[in-house]
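Asks: any chance you can model this:
(one chain, ligands or ions: 2)
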Amino acid sequence: MRRIRANAIAILTVAWILGTFYYLWQDNKPQSSPSSSASQTRGRGHGQKVVSGRLEIHRDDRTIPLIVTQPPRAEGQSQLLGGLDEKAYLAGKQLKPGDDPYRDHAFNLQESDRLGSERAIRDTRHYRCASLNYDADLPSTSIIITFHNEARSTLLRTIKSVLMRSPPSLIQEIILIDDFSSDPEDCQLLSQIPKVRCLRNGRREGLIRSRVRGANTASASILTFLDSHCEVNTDWLQPMIQRVKEDHTRVVSPIIDVISLDNFAYLAASADLRGGQDTQHTNLCTVTADNTQLQTPVIAGGIFVMDKSWFNHLGQYDTHMDIWGGENFELSFRVWMCGGSLEILPCSRVGHVFRKRHPYDFPEGNALTYIKNTRRAAEVWMDEYKQYYYSARPSAQGKAFGSIADRLTLRRKLNCKPFRWYMENVYPELRYTDECENIQFKNTILSAVCLQVILEFADDFYP
Ligand code: LR7
Ligand code: MN
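Replies: Ligands and ions are numbered 1, 2, ... in the order given. Predicted coordinates for the structure are as follows:
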C-alpha cells in the first residue's frame, strides 16, 4: 500500500515537473517562422521567405541560444538597392589601419563595417505578436531619417533593414536629410536606391529643423521618423500604422532594442515597461489587457509614427530648438495636452545604437544648446511646474532661450490643457520623493518618480 502511494507521489512529481517545463517552454516559445505565418494570415504575400536557424552567442560566461530570422533572400534582394554599388559606397569611407574605431562615431566603426548591410537579427517580439492581424489596406508612410556625419555602414543598414522588413506597399519613400555632413556623397549616392530621396541642408540645422524639412516634403499621409543608426525588426511597421489609422491623434513608438556600440550585437529590450528606469523613458505605462499597446507619458523621441496632418495641426516641432535635445519632451507634452495620446507598441521592435557621447560638435556648445531647448519646453508647457525644472538645473536660470511668443500663441490657439492636467491624468505616479536624490540617469532624462528631474540630463552620460 505504502509502495503504491510512494509510486503515485513519484509519478505525480515527475508529471508536475514535466508540466512546469512544458508551461515555461510554451511561454518562451520562439516562433519558428514569424514573418511567413503572419503574412499568410494577412494574405500579404510580398515575396519574402523566412528561414530560421539556430545560433548561440556567448556573453558574460553565459551561452544564450538565439533563434535567428534570416533576411529574405533570392528574389528582390539584389534589386533592393537599385543602382547603388554597395561595395564601392562602403569602401569609399573606411577606417585606416591604426585609427581609433570609436573616434568619429562613438561606436565601434570597425565592427559596423565588418557586419555588412544585411545581417540577420533575432526577432525579439513575444511569439504571440506573429499571430496578430492588420488591415490589408493600411496607408503608406514616408520614412524620415536625418543625419549628421553618420557612418556609411550604419546608415545603409538602417535603410536596408527598412526595405527588407517592411511590406513594400507601406513604404512610400525614404527621405534622407543630410544635415550638412562633411561629405555630400554620403547621402547623394544613396538616392540611387529605389524610393530613397536625399535632401541636403545648406548649413547645419540640427535634427529638429531637419525633421521638419523632411516632414514638409513628405508625400505620404503618415510620417515615420528613425535615427540614422537603427535596424528595424520583423513586422515593425504594421502595428504602428494600424494604430494611427484607427485614430489619427495617436503618436506611436516601437520598443527600442539595443544594438551594442562595441560589438553590434542586437539585444532585446525588456517588454515589461512597468516600473523601474528603462531606456524608453516609459516606466509606469498603462498596459492594456491584451498587452499589445501601452500608453506612455513621454516617448524617447527618435523613432515614432505620426499622422502628417496631426503633426502639422499640432505645430510640427519648435523650430527654434537647435541641434539635439528637448524636442521629445516638448512633443510629448504637446501631444497629450492638446488632445492626442502617446503609445508604445510591444509588437513593434526597432534596434538603435545607444552611445555614451555625442560624436559631433554643437556650434553653441552642448550644455547651452540643451539648456536652451529644454528651457523652451519648460517655459511653454510646464506652467507653475517649471520651478521643478529650475531647481533640478539651477544653471539654466538666466541662460538665453529666445522668444517663445509663437509657441505660446500655438498653445492658446490649440486650446491645450494645463500642465497640471498632464501631471494628474497622464502621469499621476510622478511625485517628488527623497529617492530623487539617488537616482542616476544613465540615458537622458526622465525619472519614474521625480518631477524635479523631469528635464534633467546626465552630464556624465553626455559630457
Ligand atoms: O545636428 C544634428 N543633426 C542630426 O541630423 C545632430 C543629430 N542628428 C541626427 C543624428 O544623426 C541621429 O540620426 O539626429 C539623430 C539623433 O541624434 P543621436 O543619435 O546622436 O542622438 P540620440 O540617439 O541620443 O537621440 C535621441 O535623443 C534626441 C534628442 O534630441 C532625439 O530625440 C533622437 O531622436 C533620440 N533617439 C532616439 O530616441 C532613438 C532611441 C533612443 C532611445 C531611447
Ligand atoms: Mn541615436
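
Asks: what is the neighbour count of residue 295?
Replies: 17 (other Cβ atoms under 10 Å). Every C-beta, even on glycine, is put in place using the N, C-alpha and C of the backbone.

Asks: measure it to residue 221 for me?
Replies: Distance of residue 295 to residue 221, computed by Cβ to Cβ, to the nearest Å: 23 Å.

Asks: before we move on, what about residue 408?
Replies: For residue 408 relative to residue 221 (Cβ to Cβ), the value is 29 Å.

Asks: which one of these two is surrounded by more residues?
Replies: Applying other Cβ under 10 Å to residue 408 and residue 221 shows that residue 221 carries more neighbours, namely 17 against 13.

Asks: surely residue 256 and residue 296 touch.
Replies: No - taking contacts as Cβ atoms under 8 Å, residue 256 lies outside contact range of residue 296: 11.9 Å.

Asks: and stretch 242-261, does that touch ligand 1?
Replies: Yes - legend: contact between stretch 242-261 and ligand 1 by Cβ under 6 Å from any ligand atom is shown at residue 256.

Asks: show me what counts as buried in that stretch.
Replies: 242-245, 248, 250-257, 259-261 (16 or more other Cβ atoms under 10 Å).

Asks: this protein against ligand 1: which residues are in contact?
Replies: Along the chain, the residues adjacent to ligand 1 under the rule Cβ under 6 Å from any ligand atom are 146-148, 150, 179, 204, 206-207, 210, 227-228, 256, 279-280, 300-303, 323-325, 327-328, 352, 358, 360.

Asks: which element is residue 328 on?
Replies: Residue 328 belongs to helix 327-337 when assigned by DSSP states H and E.

Asks: that helix - contacts with which helices or strands?
Replies: Judged by 3 or more Cβ pairs under 8 Å, 6 or more residues apart in numbering; DSSP states H and E, the packing partners of helix 327-337 are strand 341-353, helix 366-381, helix 419-421.

Asks: which of the ones you listed sits closest to residue 214?
Replies: Ranking the helices and strands packed on helix 327-337 by distance to residue 214, with Cβ to Cβ as the measure, places strand 341-353 first at 17.6 Å.

Asks: center of the protein, which residue is that?
Replies: residue 303 (3.6 Å; Cα atoms, centre = their mean).

Asks: would you confirm that it contacts residue 223?
Replies: No - at 11.8 Å, residue 303 and residue 223 do not qualify as touching, with contact defined as Cβ under 8 Å.

Asks: give me the common contacts of the two.
Replies: Common neighbours of residue 303 and residue 223, using Cβ atoms under 8 Å, 6 or more residues apart in numbering, do not exist here.

Asks: show me where this structure has strands.
Replies: Using DSSP state E, the strands of the chain run over residues 52-59, 62-69, 121-122, 141-147, 171-178, 196-200, 222-226, 230-232, 250-259, 266-267, 286-287, 294-295, 304-307, 341-353.

Asks: residues touching the nearest residue to residue 156 once chain neighbours are set aside, list them.
Replies: Once flanking residues are discounted, residue 156 sits nearest to residue 117: 4.9 Å by Cβ to Cβ, 6 or more residues apart in numbering. Contact partners of residue 117, counting by Cβ under 8 Å, 6+ apart, are 86, 90, 153, 156-157, 160.

Asks: looking at these, which are in helices?
Replies: Among those, DSSP state H puts 86, 90, 153, 156-157, 160 in helices.

Asks: most neighbours, which of these?
Replies: Neighbour max across the ones in helices among the contacts of residue 117 (other Cβ under 10 Å) = residue 157, 26 neighbours.

Asks: isn't it up against residue 111?
Replies: No - Residue 157 is beyond contact range of residue 111, at 11.8 Å (criterion: Cβ under 8 Å).

Asks: separation between whatever residue of the stretch 351-463 of the chain ends up closest to ligand 1 and residue 151?
Replies: As assessed by Cβ to the nearest ligand atom, ligand 1 sits closest to residue 352 within the stretch 351-463 of the chain, at 4.2 Å. Residue 352 is 14 Å from residue 151, where distance means Cβ to Cβ.

Asks: go on, residue 405?
Replies: In terms of Cβ to Cβ, residue 405 sits 40 Å off from residue 151.

Asks: and those two? which has more neighbours close in?
Replies: The neighbour count for residue 405 versus residue 151, taken as other Cβ under 10 Å, is higher for residue 151 (23 against 9).

Asks: can you tell me the closest non-neighbouring residue to that one?
Replies: Residue 151 sits nearest to residue 105 (Cβ to Cβ, 6+ apart), 4.9 Å away.
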